[in-house]
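Engineer: Below: sequence and its predicted model.
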Amino acid sequence: MSRAAVFTQSLLKQKKRNKAKLIWLVFRNIVRQNPYLFFSNTFLAILTATINFNIRYNFKEAFNRRPAISLLDYKEFNLKFFWPFGKLIEANEIGFWPFFLSMAGLILLGKGIFSILHYYWMNYAFNKVEDDLKKDLFLYFVQAKYPNSAQVSSNLLTQFTILDPIARSIWFIVNRGFYVFFSLTFLLHYDFIARRSGQGFSWLVWIVLLLFTAIFTIQYFLFRKAAKLNVAMKRRQEEENRYIFERINNIEYIKANSGEDYEQIKLNNLLNRNLQSNKKVLWWSTMFKAVPTYLLISNLNLFFILLSGLVAWMIPRVKDQPVYLMINFFLIYMTVADLRGEIEKIVDSFSTFDDLSVDLSLIVESLEILNKKEKSLPESKSKPFESGDLVFERVDFAYPTRRENVILQDFSFRFEKSKSYGIAGKNGIGKSTITKTALKLYDIQAGAITIAERNIENIETKSLHQRVCHLTNRPGFFQMSIAENIFYPHSYQRDEDLAKLTYAAKKVGISEFIESLPDGFETEIKEKGGDLSEGQKQQIAAMRIFIRDYGIYIFDEILSNVQVDLKNKILANIFDRLKNKMIIVIDHHYGIFQHVDNIYQFTGNKLIKMNKKEFLLTEQKKD
C-alpha cells in the first residue's frame, strides 16, 4: 500500500491542531513532495516583485526633482535597478530616449517574460498539488475499514470538489506572501524611508506601521469569529449535497411512487432552514472580508493626502516651490498607493486563508475517521488466505451506528470446506450480516471468526477478499467495458482472456446478447450498468464464477431477476463447476436450495438445520 504524501499519519495525529498550524503542516508536506516546484515558484515570485518595483520606482524617480531646480530644466533621468534580495545597481543619468527604451525593455521583456513563466508554473503547481491531495484522500477512503468509508462517503462527494480551491489557495497564499514581502521590503527601504528620511519624513513610516497594525488586528479578530461560523455553514452545505445526491441516486423510486412534490417541499424546507442559519455567518464573513477592503484600505489615500498637506506646511522651503510641492505630493501619493496595493494583496490572501482553513478542517475530520485502524491481535502476524472450514465461535455483533441493536449474539457455527449451505430466514434478521463479518467488512464485538483454524483478523484483508467470490443481487459496475468489469480488479488481456469470457458467457446464458453489441465484450457500459437490465447485470456478474477460481463462494440472491427457466440452467452450470467447494447461499427464492447440500433456518441467534426434502416441498406448496 502506498503512503500519503500530504495528509500524513504524523499530521493526523496532532493532538492540538489550530487552523494556522494545520495549514502550515499541509503546506510543509506539499513542499517536501514538490521541492523543485516550490523553489522555482518562489524564485519567480521574487523576480517578478523585483521587476515590478523597478518599473514603479524608476518612473517615480524620474520625476523626483530638487526644490532649487525647475522641472522644465531637467533633461536627464536617473535609472536604478534592483537584483533580487535588494542589491541596488545605480546607472548614470541618461537622456529621455535611452530612459524610455530601457523602461520599455524592462516592461515588455522583463515583466512580460517572467510574468508568463510565473503564471505557467503557478498553474502547473496548482494542478500538481491538487493531484497529490486527490491521491491522498482517495487512498484513505479505499484503504479504510468499510464502516469508516461508508460513514464519510457522502461527505467526500463535496470534499473532493473543494480540493481544487484548496490546492490553489495553499500555494497562492505562500507565493503571494513572498511576492508581497519583497515588494514591501523594496518599497519601505528604498522608496519610503530612503527618499523621505532626509527631508523630515521618517515619522511617516511609524504612522504607516501603526495604521496597518490596527488593520491586521481588526482583521484577525473578525477572522476568528468568521472561521468558526464558516465551519458550521460548510457542514450544512454538505448536508444539502448529501440529500440531493441521495435523491439523484433514487430518482426511479421517487418517480415510481409519485414523490416529486414531497421531495421538492422537503428540499425547500431544508434549504430555507439553512439559509436562515447562514445569516449570522454571512454577517461576520462580510465584516471580515469587506470592512478592511471597502472601509479601511480604500480610504488610505485620503488619509495620506492630509498627511502630505501637513508635511508641506511643516517644511518652510517647500512653500515657495509650488511645482515641487505638486510633484512631491504626487510621489507621496503614488508611494502610498503602491503600499496600499501590496496590503490589499495581503488582505486578499487573509480572506483566502479563512476559506482554506475551513475546508482543510472538514477534510481532516473525515480523514481521522478513515484513519481508524482495524482490530488485530498483537501476538500474530498477518498471513495470506488458506482454504479451510469457516467457523464462528460465540460471535457478538451490532452495526457501529446501532450498537443497541445486536444482530448476532453468542452465534456459533461451522461451515465446512467442501460443502454447500442454504440460509433461509426473514428479511432483516441478519443473514447477510453473517457473510459481511466473515469478509471483515465489519468488526465483531466479541468471539472469533476463523478460516482454516486461523483468526480472520490475522489473514491479510486483501488476500481474503481476493479468495472469496461474493455476489449479490445488485452487482457493481463501472463505466468501462464489459470485459474489464468482469475481470475487475485484474487487468483484461484480450488475446489471453477472450476464450474464458466466451465460455463463461455461454454458461450464464448471456452470449447472444453480448454478441449483438457493437463491440462485444469490449462494449463500454454506463456507470452502475445503467444501460443493462437487472437480470443482465446479474448474469454478467455471474460470469466471474467461471473466470477465476476462489476458495469460498457467497451468493446473496444472485439471480433474483433472471427468468426462472434460464435461472435454473445457470444454477445447474454453477453448482456443477463448484463441486467440493464451500458455497454459502442466501436467498428468498428457495428453488436455488435444491442445489445445496444443507439448508438452515436463521433465527437471529442460531442456524437450525432443516430437512432439505421437506423444506423444499413445503416452500413449493406455498408458491
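Structural biologist: Received the coordinates, thanks.

Engineer: Need the residues that contact stretch 504-515.
Structural biologist: Outside of stretch 504-515, the residues within contact range by C-beta atoms under 8 Å, 6 or more residues apart in numbering are 482, 486, 502, 520-521, 523, 536, 539-540, 542-547, 566, 569-570, 573-574, 577. Every C-beta, even on glycine, is put in place using the N, C-alpha and C of the backbone.

Engineer: Pull out the buried residues from the residues you listed.
Structural biologist: The neighbour count (16 or more other C-beta atoms under 10 Å) marks 482, 486, 520-521, 536, 539-540, 542-547, 570, 573-574 as buried among these.

Engineer: In terms of distance to Ile30, which of these ranks first?
Structural biologist: Ile486 (39.3 Å; C-beta to C-beta).

Engineer: how much space between that closest one and Ala542?
Structural biologist: 10 Å (C-beta to C-beta, to the nearest Å).

Engineer: what do you get for Ile254?
Structural biologist: Taking C-beta to C-beta, one finds Ile254 at 30 Å from Ala542.

Engineer: if we can go back for a sec, among the contacts of stretch 504-515, which lie within helices?
Structural biologist: 482, 486, 502, 536, 539-540, 542, 544-547, 566, 569-570, 573-574, 577 (DSSP state H).

Engineer: domain assignment for this structure?
Structural biologist: 22-133+145-370, 390-622 (automatic domain parsing).

Engineer: out of these, nearest to Ala4?
Structural biologist: domain 22-133+145-370 (8.6 Å).

Engineer: Report the rounded mean pLDDT for that closest one.
Structural biologist: Per-residue pLDDT over domain 22-133+145-370 has a mean of 72.

Engineer: Same check on stretch 598-612?
Structural biologist: Stretch 598-612 carries an average pLDDT of 88.

Engineer: Name the residues that touch that stretch?
Structural biologist: Under C-beta under 8 Å, 6+ apart, the answer for stretch 598-612 is 407-413, 419-425, 429-431, 434, 593, 596, 615-616.

Engineer: Write the ChimeraX selection for whichever of these are buried.
Structural biologist: Per 16+ other C-beta under 10 Å, the buried members of the contacts of stretch 598-612 correspond to this ChimeraX selection:
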select :407,408,409,411,413,419,420,421,422,423,424,425,430,431,434,593,596,615,616
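
Engineer: The contacts of stretch 598-612 in strands, which ones?
Structural biologist: Taking DSSP state E, the ones among the contacts of stretch 598-612 that sit in strands are Ile407, Leu408, Gln409, Asp410, Phe411, Ser412, Phe413, Ser420, Tyr421, Gly422, Ile423, Ala424.

Engineer: Farthest-apart pair in the buried ones among the contacts of stretch 504-515, please.
Structural biologist: Largest pairwise distance in the buried ones among the contacts of stretch 504-515, by C-beta to C-beta, is 22.9 Å, between Gly520 and Ile574.

Engineer: so where is the stretch 501-623 of the chain shaky, pLDDT-wise?
Structural biologist: 619-623 (pLDDT under 70).

Engineer: try it again with 90
Structural biologist: 517-519, 524-534, 548, 557, 559-565, 579-580, 587-594, 603-608, 610-623 (pLDDT under 90).

Engineer: Got phi/psi on Ile583?
Structural biologist: Main-chain torsions, Ile583, degrees, to the nearest 10: phi -130, psi 130.

Engineer: Next, the contact list for it, please.
Structural biologist: By C-beta under 8 Å, 6+ apart, Ile583 lies in contact with Lys419, Ser420, Tyr421, Ile552, Tyr553, Ile554, Phe555, Phe575, Val596.

Engineer: pretty sure the fifth one is touching Ile584, no?
Structural biologist: Which is Tyr553. Yes: judged on C-beta atoms under 8 Å, Tyr553 makes contact with Ile584 at a distance of 7.2 Å.

Engineer: and the two? which has more neighbours close in?
Structural biologist: Taking other C-beta atoms under 10 Å, Tyr553 and Ile584 do not tie; Ile584 has more neighbours (24 against 21).

Engineer: what about that one, helix or strand, and which?
Structural biologist: For Ile584, the host element (DSSP states H and E) is strand 582-586.
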